[in-house]
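Asks: Mind folding the following:
(chains A and B, ligands or ions: 2)
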Amino acid sequence: MSGLIIDSDACRGCGICIKSCSYEALEMKDKKAQVNENCVLCGMCIESCPFDAIKIEKEKTNGIELEDYKDIWVFIEQNDGEIEPVSYELLSKARELSKERNCSVNALLLGEDISKEADKLFAYGANKVYISEYEILKDNLEEIYVEFLDKVVLDYKPEIFLFGATNFGRSIAPRIAARVKTGLTADCTILEIDEESGLLNQTRPAFGGNLMAQIVCPEHRPQMATVRPGVMEAVKKETNTKEVINIDMPSIKEPSIKILENIIEKKAESISDAEIIVSVGRGIGSQKNLALVERLAELLGGKVGVSRPLVDVGWADQKNQIGQTGSIVAPKLLVTFGISGAIQHLAGISGAETIISINTDKDAAIFTVANYKVVGDCVEILKSMISKLEKKCEKEQVV
Amino acid sequence: MKIVVCVKQVPSTNEVRLDPETNTIIRDGKQSVINPFDTYALEEAIRIKEKIQGEVIALSMGIPAAEKILRDAVSVGADSGMLLSDRSFAGADTLATAYTLSLGVKKISEVDLILCGKMAVDGDTAQIGPELAENLKIPHITNVSEIIEINDSEIICRTITETGKRLVKTKTPVLLTVLKDINMPRLPSIDGVINSLDAPVAVENAESLGANKSYIGLSGSPTQVVKTYIPERKNESIEIKGDSETKSEKINSVIKEVI
Ligand SMILES: Cc1cc2nc3c(=O)[nH]c(=O)nc-3n(C[C@H](O)[C@H](O)[C@H](O)COP(=O)(O)OP(=O)(O)OC[C@H]3O[C@@H](n4cnc5c(N)ncnc54)[C@H](O)[C@@H]3O)c2cc1C
Ligand SMILES: Nc1ncnc2c1ncn2[C@@H]1O[C@H](COP(=O)(O)O)[C@@H](O)[C@H]1O
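Replies: Ligands and ions are numbered 1, 2, ... in the order given. Prediction:
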């Protein structure tokens, strides 16, 4: 049986692994670490052991022919006939990976009247574009798409299959992975080919981004991953082979989910393009202090951004939220007040040019990305900054 | 209507800190709670039960201690719980977890509706819902923000898409993953807590579920974690020191330079 193995000869009984375990699955018996039934095989202890005494052993069970699978496929997502930017990002990444695998990059383009988009896919690195155009593919309906993708995997046997981690991508990719019984790594931020094994190394944040996990899928194919939009760079680079291949629709029964209404919303006026942003988090303490932040933003000619807790409690609007589940911003100047710098928040500000951060906690994670670190009370500093700026304004007006 | 809510036990915080001396991971608050996103699924199930009658079963795959969160589920209104627990389930990735959960759903039998949270805060994959639906060969809808109409055979709900919103109609059985916007979970009542103490919580293992050994736990998991690490965040920042007045003076001058 598979399991966590502790080599009792190598174990020195230091107890570090016990501290590293969040499941209280390790205990000390006779000065040696021992595993109990709480173990979920998360592997945290393996990294922690200074003596390499812990490992996970796994039975081999799978018998598929890995050599039959080749090429990197990218699922191209369209919404209302427009291609999601993440699809281009994936193609660029796939091209990079294909050099190491010495294989073709194949784009799978499904939709209604969509073939005109194929050229753009070549421009971002596709060698072949597989197209299917049917009215029923217009609306992204899981039931239809899964039948289609199942057929693609059966007929073409991709070695690697990439999806954007959009709402739709994160809905169909797991479904197809479960259908063909392969692994799927969610929301990856790094993809590389392992030099030795040739496997796809998929790295993703876990525990809200506080931990990075590197994952492989050694014995199942395709190796599937969804990739977070905005993380990889879309690079234009024409390929010289340009092959378009049409694929037929598999027979599909009437979908059981019916769309009654489809509302396309205008992108809310966002803070994404702001040059100057004053952002604020839970450290602001109370709602009335938000007026200070607004005033400062006004004085600087900038916009107000917030961390998620302020949206959750209703102090601020979702459209002002910065981060993984909010807007990605890239201002020239970002001043943060009372934001701890959780990874989901940092995910939204990596494009900021200059960051000034104010926080009472000298070890706050936000300081790991800030250009200027200010340890102090944000309300006090806000008030003082505002009064100085106001005085300056007055003076300028007098002159 | 028979409703299964999938709930996962997660550490009560997802902070991960490094012990500077031993260079190991310390996670404070090992105490475990229901995955926050699942509390919305649970609340929605209870609301449906209150509206059109039915039975709510909380289902979890986890270590024996996860029984606690199933009792927590009963304390807010679920009728019973089922815990799938076996050492051979350990190390399951989403594919193996979804397979195992599907055996639980089949054991419960004649289920009309399955509700999952949008995602678990620890694994954070949002994959279990669709994978479970595939194992059960039923349709699924992700990101449901509102259930507008529901009866024993049909559901009309709103979902969030990449470009906006959608109103969709579906027949049961179906699996939905729900967003936080869908409701405001209630707190347990005193009666609920008392009820939960001796509420029926069935514990099933690999054998009682008739699990195929090669589809469960580590052996049934195509993905393998090669390594985990704390993301490195190296950065040289310039510290602005002094009293508040000095600090704000200096901040203002930096700002002036930048813009
Ligand atoms: C799936 C998921 C997605 C998420 N997406 C996002 C997202 O898109 N955006 C986002 O922001 N968050 C997101 N979060 C939440 C994120 O994990 C953090 O909880 C959040 O960013 C913390 O916000 P905060 O920094 O305002 O609050 P806290 O973490 O509570 O930090 C408050 C900070 O203020 C400081 N402070 C306290 N008092 C003062 C004072 N008087 N003066 C100065 N400083 C003070 C404290 O030292 C602390 O560092 C997400 C979480 C999950 C699980
Ligand atoms: N071990 C588990 N037991 C029960 N439900 C689970 C389990 N893991 C995940 N789920 C359900 O699947 C949803 C998505 O989880 P995940 O795919 O891990 O992000 C969760 O919100 C739960 O509803």
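Asks: Shouldn't B:K247 be within a helix?
Replies: Yes: according to DSSP: H, G, I helix; E, B strand; the rest coil, B:K247 belongs to a helix.
Asks: Can you report how many residues lie near it?
Replies: B:K247: 21 surrounding residues under other C-beta atoms under 10 Å in any protein chain shown. Every residue, glycine included, has its C-beta placed from N, CA and C.
Asks: which residue ranges form the helices in chain B?
Replies: With DSSP state H, the ranges of helices along chain B come out as B:36-52, B:67-75, B:94-108, B:128-136, B:190-197, B:206-209, B:244-258.
Asks: among those, which is the most enclosed?
Replies: By mean neighbour count, with neighbours taken as mean count of other C-beta atoms under 10 Å in any protein chain shown, helix B:128-136 ranks first of the helices of chain B at a mean of 27.
Asks: Just to check, A:C21 is in contact with A:M44?
Replies: Yes: using C-beta atoms under 8 Å, A:C21 is in contact with A:M44, at 6.3 Å.
Asks: Point me to the residue sitting closest to the centre of chain A.
Replies: Closest to where the C-alpha atoms of chain A average out (C-alpha atoms, centre = their mean) is A:R228, at 3.3 Å.
Asks: quick one, what contacts that one?
Replies: When contacts are counted by C-beta atoms under 8 Å, 6 or more residues apart in numbering or on different chains, A:R228 touches A:A165, A:D187, A:C188, A:T189.
Asks: Kindly reformat the residues you listed as TSV containing neighbour count, pLDDT and distance to B:S237.
Replies: Written out in TSV, the entries for the contacts of A:R228 read as follows (neighbours: other C-beta atoms under 10 Å in any protein chain shown; pLDDT from 0 to 100; distance: C-beta to C-beta, whole Å):
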residue	neighbour count	pLDDT	distance to B:S237
A:A165	23	91	31
A:D187	24	88	28
A:C188	24	92	29
A:T189	17	87	23
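Asks: Can you tell me which of those is closest to ligand 1?
Replies: Nearest to ligand 1, judged by C-beta to the nearest ligand atom, of those is A:D187 at 9.8 Å.
Asks: and that closest one, what is it in contact with?
Replies: A:A165, A:R170, A:R204, A:P205, A:T226, A:V227, A:R228, B:D124, B:T125.
Asks: burial measure for A:N102, as a count.
Replies: Residues near A:N102, counting by other C-beta under 10 Å, number 8.
Asks: again with A:A178
Replies: Number of residues near A:A178 (other C-beta under 10 Å) recorded here: 25.
Asks: and the helix or strand hosting it with ligand 1, contact?
Replies: The secondary structure element spanning A:A178 is helix A:169-180 (assigned by DSSP states H and E). No: no part of helix A:169-180 sits close enough to ligand 1 to count as contact by C-beta under 6 Å from any ligand atom; the gap is at least 12.4 Å.
Asks: Could you list every helix and strand in contact with that helix?
Replies: Judged by 3 or more C-beta pairs under 8 Å, 6 or more residues apart in numbering or on different chains; DSSP states H and E, the packing partners of helix A:169-180 are strand A:70-76, helix A:142-156, strand A:158-164, strand A:184-188, strand A:223-227, helix B:94-108, helix B:128-136, strand B:140-150.
Asks: Where does A:C39 sit: helix, strand or coil?
Replies: In the three-state summary, A:C39 is assigned as coil, counting by three-state DSSP.
Asks: just for chain B, where's the confidence low?
Replies: Across chain B, residues meeting the criterion (pLDDT under 70) sit at B:13-31, B:233-234.
Asks: again, only using 80
Replies: B:11-31, B:121-124, B:230-235 (pLDDT under 80).
Asks: Find the closest residue to ligand 2 in it.
Replies: Checked against ligand 2 (C-beta to the nearest ligand atom), the nearest residue in chain B is B:G117, 2.6 Å away.
Asks: and A:T185, how many neighbours?
Replies: Other residues within reach of A:T185 by the criterion other C-beta under 10 Å amount to 29.
Asks: For it, which non-adjacent residue is closest in space?
Replies: Leaving aside its sequence neighbours, A:T185 sits nearest to A:Q202 (C-beta to C-beta, 6 or more residues apart in numbering or on different chains; 4.0 Å).
Asks: Just to be sure, the one you found is in a strand?
Replies: Yes: remark: A:Q202 belongs to a strand, assigned using three-state DSSP.
Asks: So in terms of bridging, what pairs with it?
Replies: When bridges are called by DSSP bridges, A:Q202 pairs up with A:L191, A:I215.
Asks: Enumerate every residue touching it.
Replies: Applying C-beta under 8 Å, 6+ apart, the residues near A:Q202 are A:T185, A:C188, A:I190, A:L191, A:Q214, A:I215, A:V216, A:C217, A:Q223, A:A225.
Asks: And the pLDDT for the third one?
Replies: If I follow you right, that is A:I190. At A:I190, the predicted lDDT confidence score is 92.
Asks: Could you do the first one as well?
Replies: In the predicted model, A:T185 carries a pLDDT score of 97.
Asks: buried sites along stretch A:125-138?
Replies: When neighbours are counted by 16 or more other C-beta atoms under 10 Å in any protein chain shown, the buried residues of stretch A:125-138 are found to be A:G125, A:A126, A:N127, A:K128, A:V129, A:Y130, A:I131, A:S132, A:E133, A:Y134, A:L137, A:K138.
Asks: returning to that earlier point: so the residue of chain B closest to ligand 2 touches B:A45, yeah?
Replies: No: the criterion here is C-beta under 8 Å, and B:G117 misses it with B:A45 at 11.5 Å.
Asks: any common contacting residues for the two?
Replies: Applying C-beta under 8 Å, 6+ apart, one finds that no residue jointly contacts B:G117 and B:A45.
Asks: does the stretch of helix or strand A:L299 belongs to come close to ligand 1?
Replies: In the assignment (DSSP H and E), A:L299 maps to helix A:290-300. No: contact of helix A:290-300 with ligand 1 (C-beta under 6 Å from any ligand atom) is absent, the minimum separation being 11.7 Å.
Asks: average pLDDT for that helix?
Replies: Across helix A:290-300, pLDDT averages out at 95.
Asks: contact partners of it?
Replies: A:276-278, A:280, A:284, A:303-304, A:315-316, A:333, A:335, A:337, A:379, A:382-383, A:385-386, A:389-390, A:393, B:255, B:259.
Asks: Just checking, which helix or strand succeeds that helix along the chain?
Replies: Reading on from helix A:290-300 to the C-terminus, the next helix or strand found by DSSP H and E is strand A:303-306.
Asks: can you tell if that following strand touches chain B?
Replies: No: counting by C-beta under 8 Å from any C-beta of the partner chain, chain B is not contacted by strand A:303-306; separation bottoms out at 13.3 Å.
Asks: right, and the pair among the contacts of A:R228 with maximum separation?
Replies: Of all pairs drawn from the contacts of A:R228, the one with the longest distance (C-beta to C-beta) is A:A165 and A:T189, at 9.6 Å.
Asks: Now for the two: what residues contact both?
Replies: Taking C-beta under 8 Å, 6+ apart as the contact criterion, the residues that touch both A:A165 and A:T189 are A:V227, A:R228.
Asks: Not counting its neighbours along the chain, what's nearest A:F337?
Replies: Excluding its sequence neighbours, the residue lying closest to A:F337 (C-beta to C-beta, 6+ apart) is A:C378, at 3.9 Å.
Asks: Show the contacting residues for the one you found.
Replies: Residues near A:C378 by C-beta under 8 Å, 6+ apart: A:V280, A:G283, A:I284, A:F337, A:G338, A:I358, A:N359, A:T360.
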